[in-house]
Structure formats: C-alpha cells, structure tokens
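Participant: can't give you the sequence, but here's the structure:
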C-alpha cells in the first residue's frame, strides 16, 4: 500500500487516574494498538539540537509516544510533509510504512517510547534519502531538512 503522511494518525490511550497517579496500558487486549506489538524500545538523554530518525521503513509500523517531555516529528511521504508535536504520554502517533521521519526538538529530559509491529530487521530500513525517493516512485529532491 502506498501510504501518505495523512495515514499517520494520533491515538488517544485509555487512562485510569486514582489520585495516586495515572495508568496507561497501550497494549490492553490489543485494543489500543492498530497492530500486534513485537518490539518496544525507548530513547532518552538526546542532546539539545540533535535529531534522530532520518529513515523510512518498508513494512514496519510504529506508535511513538512522548513518555516524558516533548519532541517533534517531521514526516514526509515524497510529496507531502507533516510536523507533529508529541507532548502527552496519553497520546501516541501511529507511523505507517513508507514514511520518511526525523525526530527533533527534544526538551531536556524527554523520553520517546516506540512500539513496533516487528522485531528489528535492518533490511526493512531505507536510510538513504535518494533510495527512499526511488522507493516512493519519485526522482526529484523535494524534502528539506530545515528545522
């Protein structure tokens, strides 16, 4: 399927609050996630003015969550660009395959958690931007890495 940035949508998780804090279970009975989660990882202590990502996936789907602090994602499908700011641990961003992503503008102490549809497979990554454009059937550079 040829996804666009418009297929990358926010998911609001069910939250339970008791006065002793909040509880979020994004994997509760598979209801919250649009795919079975096979891998989970998180990023933290990202230096100021550093970006992560800079790749796309052929098949992998992800949900990105700002567990603490905030950060921005710049998404590009070869034609359209979308910037999403994540700053709430009760909301995740569903990333579909074939979308180039950059994660940037981390606040101090921010933690980014990622739920993935598959285990790590280097063959699923597209790390070269020109290769990404070819994969999307495009040939002219239209993406900018200006934050």
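Facilitator: Perfect, I can see it now. Small disclaimer: the values here were computed from a predicted structure and weren't measured.
Participant: what is the least confident helix or strand in this protein?
Facilitator: For the chain, using mean pLDDT, DSSP states H and E, the weakest element among its helices and strands is strand 22-24, scoring a mean of 75.
Participant: so what secondary structure elements neighbour it?
Facilitator: Taking 3 or more C-beta pairs under 8 Å, 6 or more residues apart in numbering; DSSP states H and E as contact, the helices and strands that strand 22-24 lies on are strand 15-17. Every C-beta, even on glycine, is put in place using the N, C-alpha and C of the backbone.
Participant: contacts for the strand it packs on next, please.
Facilitator: Residues outside strand 15-17 that contact it (C-beta atoms under 8 Å, 6 or more residues apart in numbering) are 22-24, 90.
Participant: secondary structure element for the residue nearest the centre of the chain, which one?
Facilitator: Geometric centre of the chain, nearest residue: residue 64, 4.3 Å, by C-alpha atoms, centre = their mean. Using DSSP states H and E, residue 64 falls within strand 62-68.
Participant: quick check: buried residues in that strand?
Facilitator: Neighbour-count burial for strand 62-68, counted by 16 or more other C-beta atoms under 10 Å, picks out 62-66.
Participant: ditto for stretch 90-99
Facilitator: In terms of neighbour count (16+ other C-beta under 10 Å), stretch 90-99 has its buried residues at 91-99.
Participant: sorry, back to before: and the following helix or strand past the strand holding residue 64, how far from the chain's centre?
Facilitator: Going down the chain from strand 62-68, the next helix or strand is strand 71-76, by DSSP H and E. How far strand 71-76 lies from its chain's middle: 8 Å, per C-alpha atoms, centre = their mean, to the nearest Å.
Participant: same check, this time on stretch 40-47
Facilitator: A distance of 13 Å separates the centroid of the chain from that of stretch 40-47, by C-alpha atoms, centre = their mean.
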